[in-house]
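Asks: Make a model of this:
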Amino acid sequence: KTSGQLEAHGGGVTLLVDCSSFPDAEWETVRSTQPDVRHRPAVVLRARPDGRVEGYRKGSVPIDLSPAIDWLS
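Replies: Numbers count the residues shown, from 1 in each chain. I've put the predicted structure just below:
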């Protein structure tokens, strides 16, 4: 997805990176460092069984996901 595959389909694509399967310790590393994603815009998120979702954005995400995601600072 990072070698132009998304752009080849007309662009305008927001990449969602689902880290829901990450164990707590791995997610904490991602959460604290918020590593770069090679596609823009992108949302990196983690959903929990209790329904809580947190994540961060890279680039200008064209849709408002604030009602569903607790954004990390």
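
Asks: From P49, how far off is E28?
Replies: 17 Å (CB to CB, to the nearest Å). Glycine gets a C-beta too; all of them are placed from N, C-alpha and C.

Asks: Which one's more surrounded, those two?
Replies: A count of neighbours by other CB atoms under 10 Å puts E28 above the other of E28 and P49, at 11 against 6.

Asks: Give me the pLDDT for the residue nearest to the spatial centre of the chain.
Replies: By CA atoms, centre = their mean, the chain has its centre lying nearest to V44, at 1.5 Å. pLDDT recorded at V44 is 98.

Asks: Could you do the one 5 residues further on as well?
Replies: In the predicted model, P49 carries a pLDDT score of 93.

Asks: what about it, helix or strand, and which?
Replies: Under DSSP states H and E, no helix or strand contains P49.

Asks: residues contacting it?
Replies: By CB atoms under 8 Å, 6 or more residues apart in numbering, no residues touch P49.

Asks: quick one: D18 and V53 touch, right?
Replies: No - with contact defined as CB atoms under 8 Å, D18 does not count as touching V53 (9.9 Å).

Asks: Can you pull the residues that touch both of these two?
Replies: By CB under 8 Å, 6+ apart, the residues touching both D18 and V53 are 45-47.

Asks: about what we covered before: tell me which residues form a beta bridge with the residue nearest to the centre of the chain?
Replies: Partner residues in beta bridges with V44, using DSSP bridges, are V17, Y56.

Asks: contacting residues for it?
Replies: Applying CB under 8 Å, 6+ apart, we find V44 in contact with 17, 19, 30, 34, 37, 55-56, 58.

Asks: can you give me the strands for this protein?
Replies: Along the chain, counting by DSSP state E, strands occupy 15-18, 42-47, 53-58, 70-71.

Asks: ranking the ones you listed by burial, who's on top?
Replies: The highest mean neighbour count among the strands of the chain, using mean count of other CB atoms under 10 Å, belongs to strand 42-47: a mean of 20.

Asks: Would you mind writing the CA trace of that one as PDB?
Replies: The C-alpha coordinates for strand 42-47 follow below in PDB (Å, rounded to 0.1, in the frame of the first residue of the first chain):
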ATOM      1  CA  ALA A  42      -4.100   7.800   7.600                       C
ATOM      2  CA  VAL A  43      -5.700   6.900  10.900                       C
ATOM      3  CA  VAL A  44      -4.000   4.500  13.300                       C
ATOM      4  CA  LEU A  45      -6.500   3.100  15.800                       C
ATOM      5  CA  ARG A  46      -7.100   0.500  18.400                       C
ATOM      6  CA  ALA A  47     -10.600  -0.700  19.400                       C
END
